[in-house]
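S.K.: Take this sequence and fold it.
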Amino acid sequence: MKISTKIVHCGVGSDPRTGAISTPIYQNATFRHPALGESTGYDYSRSQNPTREAVESALAELEGGAAGFAFASGMAAVTAVLFLYKPGSHIIVTEDCYGGTYRVLAQLFANLGLAVSFVDSSNLDEVGQAIQANTAAIFVETPTNPLMKVADIKAIVCMAQQRGIHTIVDNTFLSPYFQQPLRLGADIVLHSGTKYLSGHNDTVCGVVVTGSRELGERVKFVQNSTGSILGPQDSWLLLRGLKTLALRMEKHAANAYQIAKWLQTQPNVKQVYYPGLDGHPGKAVQDAQATGYGGMLSFEVASPALVPKILSGVRLIQFAESLGGVESLITFPAVQTHADVPPEVRARLGVSDCLLRLSVGIEDAGDLMEDLAQALA
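M.R.: Residues are numbered from 1 along each chain as shown. Down below sits the predicted model:
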């Protein structure tokens, strides 16, 4: 069965008693036991809820995993995965990762005894050189946020498996429609489900999918113990959003490619970062491990003075901090998504005061380019 068909049928058949096509919202905190020592499989909604279970099962199937888990936010999902590792463990992480991931590692988990090395995960030599005797996991974003670097998942998995190290992939930018890291050998996939999975800028959620049952049991223990679950209403919204994922991702990607090509022709634009462009250094790897390039791009303008003019000048595109929704959003990473990354690190990575990130929506591409043209002018 093609993934586009699987996407449409997410949650269908989850309520055999009534035959409801749309999964019901089980707005329950607790469930009655049939008798002493017996359970319906649902006892308390922190442990499991039928609506959340439906979306978790759907996500596991779409990613080709053994178990799926829905969390209260993307950062709750990241935190749950990091709780799998003991103090004294070492984690290798993509250096130009999402600012929230950098913050939780550098300012919270460092205090809990987790050692971290931030590396250019598009450079396999650098990844290999960072491995230590106590390395427990390699955590990559691909493409990265916001510089769109591409990590070779298969090569990193091979490197990790030889040493008994987990490979964790943040798949937020491409979604399981375009990329399925577990099928490439990764152990854990995570998402900010707020973004493409939900797709409508109306739900905050996070997702973890594991490749094995054993890892799934460990994530489930963390989820139940810490309680950072997704509620039934938001689980239903995530499930509903998923059903149009294939259609949305195709439109996001088509628009992004057209706009990226157009931006390359603009005199006030110095550099465009999009993995679908022929000059992108990671395009060959992207083509080998994914079926599309996604709807995210970044571009560098000629002068810092242009940034506030563009952000205040766009009319159709919204100046807002998220991504992956049907509406196009523009963000200034240096002072928004990556504000918690130290200035000297941002400068080294290329997250400059001239860099803008564009989440390309599903509007007409011509309208979006017209809006950018008048703002750039």
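S.K.: which residues sit against stretch 230-241?
M.R.: 10-11, 22-23, 25-28, 45, 49, 51-52, 54-55, 58, 70-72, 193, 197-200, 202-206 (CB atoms under 8 Å, 6 or more residues apart in numbering). For every residue, glycine as well, the C-beta is placed using N, CA and C.
S.K.: Now do that stretch, average pLDDT.
M.R.: Stretch 230-241 comes out with an average pLDDT of 98.
S.K.: Can you list the buried residues in that stretch?
M.R.: Judged by neighbour count using 16 or more other CB atoms under 10 Å, the buried positions of stretch 230-241 are 230-232, 234-241.
S.K.: about what we covered before: now, the contacts of stretch 230-241 that are in helices?
M.R.: 51-52, 54-55, 58 (DSSP state H).
S.K.: Ranking by neighbours, what's the top pick from these?
M.R.: Within these, residue 55 tops the neighbour count with 32 neighbours, counted by other CB atoms under 10 Å.
S.K.: Roughly how far does the closest residue in space to it that isn't next to it in sequence sit from residue 199?
M.R.: In space, residue 55 comes closest to residue 239 once its chain neighbours are excluded; the distance is 4.3 Å by CB to CB, 6 or more residues apart in numbering. Noted for residue 239: a distance of 12 Å to residue 199, by CB to CB, to the nearest Å.
S.K.: now do residue 253
M.R.: From residue 253 across to residue 199, the span is 14 Å (CB to CB).
S.K.: neighbour count winner among the two?
M.R.: residue 199 (28 against 22).
S.K.: re the thing from before, could I get the ones in helices among the contacts of stretch 230-241 as TSV with distance to residue 301 and pLDDT?
M.R.: Converted to TSV, those look like this (distance: CB to CB, whole Å; pLDDT from 0 to 100):
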residue	distance to residue 301	pLDDT
51	44	98
52	43	98
54	44	97
55	39	98
58	40	98
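S.K.: Tell me how many other residues crowd residue 267.
M.R.: Count around residue 267 with other CB under 10 Å applied: 8.
S.K.: Please name the residues that touch it.
M.R.: Counting by CB under 8 Å, 6+ apart, residue 267 makes contact with residue 302.
S.K.: By mean pLDDT, flag the weakest helix or strand of the chain.
M.R.: Least confident helix or strand of the chain, by mean pLDDT, DSSP states H and E, is helix 343-349 with a mean of 78.
S.K.: Now it: buried residues?
M.R.: By 16+ other CB under 10 Å, the buried positions in helix 343-349 come out as 346, 349.
S.K.: if I've got this straight, residue 298 is in a helix?
M.R.: No - counting by DSSP: H, G, I helix; E, B strand; the rest coil, one finds residue 298 to be strand, located in no helix.
S.K.: Report pLDDT for it.
M.R.: Confidence score, pLDDT, at residue 298: 97.
S.K.: Show me what it is bridged to.
M.R.: residue 273, residue 357 (DSSP bridges).
S.K.: I'd guessed it sits against residue 149; true?
M.R.: No - here residue 298 does not reach residue 149: they are 10.7 Å apart, not a contact under CB atoms under 8 Å.
S.K.: Centroid-nearest residue for this structure?
M.R.: With distances taken as CA atoms, centre = their mean, the residue of the chain nearest its centroid is residue 172 (1.8 Å).
S.K.: residues contacting that one?
M.R.: Contacts of residue 172 by CB under 8 Å, 6+ apart are 74, 98, 141, 145, 190-192, 195-196, 324.
S.K.: Flag the shaky bits of the stretch 1-150 of the chain, pLDDT-wise.
M.R.: The model of the stretch 1-150 of the chain has no residue with pLDDT under 70.
S.K.: can you map out the helices along the stretch 251-377 of the chain?
M.R.: 283-289, 306-313, 343-349, 365-376 (DSSP state H, counting those that start in this stretch).
S.K.: From the chain's centre, how far out is the last one? Work that out for me.
M.R.: Taking CA atoms, centre = their mean, to the nearest Å, the mean C-alpha location of helix 365-376 is offset from the chain mean by 27 Å.
S.K.: Over to the second one?
M.R.: Taking the mean of its C-alpha atoms, helix 306-313 sits 27 Å from the chain's own mean (CA atoms, centre = their mean).
S.K.: residues of that helix that come out buried?
M.R.: 306-307, 310, 313.
S.K.: Just the CA atoms from that helix would do, formatted as PDB, please.
M.R.: C-alpha atoms of helix 306-313 as PDB (Å, rounded to 0.1, in the frame of the first residue of the first chain):
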ATOM      1  CA  LEU A 306      17.100  44.700   4.700                       C
ATOM      2  CA  VAL A 307      15.900  42.200   7.400                       C
ATOM      3  CA  PRO A 308      13.500  44.500   9.300                       C
ATOM      4  CA  LYS A 309      12.300  46.000   6.000                       C
ATOM      5  CA  ILE A 310      11.400  42.500   4.700                       C
ATOM      6  CA  LEU A 311       9.800  41.400   7.900                       C
ATOM      7  CA  SER A 312       7.600  44.400   8.100                       C
ATOM      8  CA  GLY A 313       7.100  44.600   4.300                       C
END
